[in-house]
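Visitor: I need the structure of the sequence given here:
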Amino acid sequence: MLKHLAIIMDGNRRWAKDQGLPSFAGHQKGYEKLKEVMHWCQKKGVDTLTVYAFSTENWNRSEDEVNFLMTLFHKALTEELDEFHQEGIRLKVIGTRQRLAPKIVQAIADAEEKTKDNQKGNLNLCINYGGRLEIIEAVKKIVDSGVKPEDITDKLIADNLWMAGQADPDLIIRTSGEQRLSGFLTWESVYSEFLFLEKHWPDFSEADFDQAIEDFNNRHRRFGGN
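Guide: This next block holds a predicted model:
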């Protein structure tokens, strides 16, 4: 049964271009779609939704676009937080806080604190996230703690990741035609199922969501066994 769904929300800018709109409109539409998908997850019994919202490489985009995205994140974490809270969603931001504005770092802390006891669903926003950086930071913590090399295990590394304490994703969906992870959940994705869709993220429909769940349920996950 699908319990943890992860999504690379790709194609906002391409969707906007196809509509003759600025890229900002695509990001806004993409954010609205995320809220829809969270509701679909609750309806279908998907406990956790993890989304790739902003990678460490996305800082290379134009200053205007980065500023717009940061404004959108801040709005989600402040003005719209009550909506998530009232629906019982536990919100967590996964990624490094480096380069994030102090007001966003504070908004993250406040949002996580306010929703920490919610139990109707989990939403992980991967903001300023990179899969290799997550592993590097985990290794640094382990080294700093003085653990002997022979005592390093899979579990020890997992316990020091930003995603520590959460189950690995069962299914990872990427929209907009690309067929790669681009640094998303590098450690956690080792036994995930994958689904790549041609549709841009804003066009992802509830029918697509239902089909993805059906497709997942029809797969036989061996985890290295028979």
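Visitor: In space, what's closest to Gln119 - neighbours in sequence excluded?
Guide: Distance criterion Cβ to Cβ, 6 or more residues apart in numbering; nearest residue to Gln119, sequence neighbours excluded, is Gly88 at 6.3 Å. (C-beta placed from N, C-alpha, C; glycine too.)
Visitor: Mind pulling the model confidence for the one you found?
Guide: As predicted, Gly88 sits at a pLDDT of 96.
Visitor: Can you list the residue ranges for helices in the protein?
Guide: 12-18, 23-44, 63-77, 81-86, 102-115, 131-144, 154-159, 206-217 (DSSP state H).
Visitor: Which among the ones you listed is found nearest to Leu123?
Guide: For the helices of the chain, proximity to Leu123 was assessed by Cβ to Cβ; helix 23-44 is nearest, at 6.0 Å.
Visitor: what about that closest one, distance to the chain center?
Guide: 12 Å (Cα atoms, centre = their mean, to the nearest Å).
Visitor: Report all helices and strands that that helix contacts.
Guide: Packed against helix 23-44, as judged by 3 or more Cβ pairs under 8 Å, 6 or more residues apart in numbering; DSSP states H and E, are the following elements: helix 12-18, strand 48-55, helix 63-77, strand 121-129, helix 206-217.
Visitor: wait, Glu193 sits on Ile173?
Guide: No - applying Cβ atoms under 8 Å, one finds Glu193 not in contact with Ile173, separated by 9.5 Å.
Visitor: neighbour count winner among those two?
Guide: Each of Glu193 and Ile173 has its neighbours counted (other Cβ atoms under 10 Å); Ile173 has more, 25 against 16.
Visitor: thinking again about what came up before, give me every residue that touches the residue nearest to Gln119.
Guide: The contact partners of Gly88, by Cβ atoms under 8 Å, 6 or more residues apart in numbering, come to Asn118, Gln119, Lys120, Gly121.
Visitor: Quickly list what the residue nearest the centre of the chain is bridged to.
Guide: The structure's the chain has its C-alpha centroid closest to Val51; by Cα atoms, centre = their mean the separation is 2.1 Å. Using DSSP bridges, the bridge partners assigned to Val51 are Ile7, Leu125.
Visitor: Roughly how far does it sit from Ile7?
Guide: In this structure, Val51 and Ile7 are 5 Å apart, going by Cβ to Cβ, to the nearest Å.
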